[in-house]
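Undergrad: give the three-dimensional model of this entry:
(chains A, B, C and D)
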2 protein chains.
Amino acid sequence: MAEDRRTRRSRRALGSALVELVLERGFTALTVEDITERADVARATFYAHFRDKEDLFARVTADLLTELGERLAPAVADSAVGFTGKPVLEMLRHAREERDLYRIVLRGEGDGKPLRMFVDACARATAEEFRARAERNAVKPRIDPELLARVWVGEQLAVLRWWVEQDAPSLPAEEVVRMLLNLAMRGRYWASGFEPPT
Amino acid sequence: MAEDRRTRRSRRALGSALVELVLERGFTALTVEDITERADVARATFYAHFRDKEDLFARVTADLLTELGERLAPAVADSAVGFTGKPVLEMLRHAREERDLYRIVLRGEGDGKPLRMFVDACARATAEEFRARAERNAVKPRIDPELLARVWVGEQLAVLRWWVEQDAPSLPAEEVVRMLLNLAMRGRYWASGFEPPT
DNA sequence: CAGTTACTGAACAGTCTGTATGACATTGGT
DNA sequence: ACCAATGTCATACAGACTGTTCAGTAACTG
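TA: Alright, predicted model coming up:
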């Protein structure tokens, strides 16, 4: 006996309505009634499922992270030895499918709480992976893995943010990953057009 | 005849109260009355100066950006040829002085609007500087300066976020800049402890 | 088909908003 | 030192939104 179909319908509708409306008007400007109206659900029903709109947003984000985590698992396993770019690529694909949600999360809607959930999840996983990788290959990191992870995630998210906000026909994900990887590996000078420093 | 002293006092008090309270309870949770109470100012006075709390937050942020811009100008002039790290260093110093405000902005409080103001201002200035530098040195960027700027800013802000959120006696700013610059110049492998790739 | 469970619509007090008011205090310029 | 201008204050107000409750109705599961 899975979840009641009505429950599923209501939750889904409310989640979608939230995403649409935040994109249109911004999170703060929204009313619970706006959301229920768009979702075609009674206001009382909203409170049967969620404490308030923050709660709804948080759950929608949590679901997204769960999904992302599942999709990333195999890509990460393939990157055991170094930076293959596979996880980033998979994240870009995920972002393309869930573009609107990614947009509002990355914008920091909801006082940045969903964004922090996102960043922390990524940073935590990345730092762990860095540590494991260093140990496997018996090398000693020159920079605290925690900080290194934050920087690497910050870099990826900057690109991701730029990518999902573009309205023109966006660059193919593979192309973006290529640039990002080159940038991360070869450094700024290379990207700027200079020869790499000695 | 500059601004009326009473006006200055009220604005200042309201701004400080906002920062304190957002740090304590988060932007959304705040009431205009909470702010005026903390600032020891009548509620009516608040509306004489600001449309709503978003407006107040936006102005506080705008002031911060103006100040930052002024402090960064000489450092940028010194970095005409390449990545000296001087602007980053100056930003870190600024962040140390205005730590609380930096924290709440970088957290994305206020639906990320102040954060976007901050990021956009930095990215715009950085991209412009990249373009100018490329032209001066007659090199052709291998990556779109716009994107490159976003990535570089994303990286800096990730570090900045990490730095201002640390509660332990924080690393000296000079040390942080050194790491960041190494990271940006030599790339991930170096930072991870591997030898740089060929 | 029957029992359970979710949805509905309406009503409620309580809180916050944004605006308006006239009395009062502080200010800057003469 | 004084005065006209201007900022501040306390209070009051309607309107909107919140979060809860409840009885009636519909939909689902087994």
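Undergrad: how about the residues of chain A by DNA strand C?
TA: If contacts are counted using Cβ under 7 Å from any atom of the strand, the residues of chain A sitting beside DNA strand C are A:4, A:6-7, A:9-10, A:40-45, A:48-49. For the C-beta atoms, the positions are set from N, CA and C on the backbone; glycine is no exception.
Undergrad: and the top helix by length along chain A, what other elements does it pack with?
TA: Among all segments of chain A classified by DSSP state H, the helix with the greatest residue count is helix A:53-78. Packed against helix A:53-78, as judged by 3 or more Cβ pairs under 8 Å, 6 or more residues apart in numbering or on different chains; DSSP states H and E, are the following elements: helix A:5-25, helix A:32-39, helix A:86-97, helix A:99-107, helix A:113-136.
Undergrad: near chain B, anything from the second one?
TA: No. No part of helix A:32-39 sits near chain B under the criterion Cβ under 8 Å from any Cβ of the partner chain; the closest distance found is 13.7 Å.
Undergrad: I'd like the helices and strands packed on helix A:53-78 as TSV, with mean pLDDT and mean neighbour count appended.
TA: Shown next, in TSV, are those (pLDDT from 0 to 100; neighbours: other Cβ atoms under 10 Å in any protein chain shown):
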stretch	mean pLDDT	mean neighbour count
helix A:5-25	98	17
helix A:32-39	98	17
helix A:86-97	96	19
helix A:99-107	98	22
helix A:113-136	95	18
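Undergrad: buried set for stretch A:153-172?
TA: Buried residues in stretch A:153-172, counting neighbours by 16 or more other Cβ atoms under 10 Å in any protein chain shown, are found at A:153-164, A:170-171.
Undergrad: stretch A:142-153 too?
TA: Neighbour-count burial for stretch A:142-153 flags A:Ile143, A:Pro145, A:Glu146, A:Leu147, A:Leu148, A:Ala149, A:Arg150, A:Val151, A:Trp152, A:Val153 (criterion: 16+ other Cβ under 10 Å).
Undergrad: next, give me the two most distant ones among those residues.
TA: Between any two of the buried residues of stretch A:142-153, the greatest separation by Cβ to Cβ is 14.1 Å, found for A:Ile143 and A:Val153.
Undergrad: related to what we said a few turns ago, the buried residues of stretch A:153-172 in helices, which ones?
TA: Assigned to helices by DSSP H, the following of the buried residues of stretch A:153-172 qualify: A:Val153, A:Gly154, A:Glu155, A:Gln156, A:Leu157, A:Ala158, A:Val159, A:Leu160, A:Arg161, A:Trp162, A:Trp163, A:Val164.
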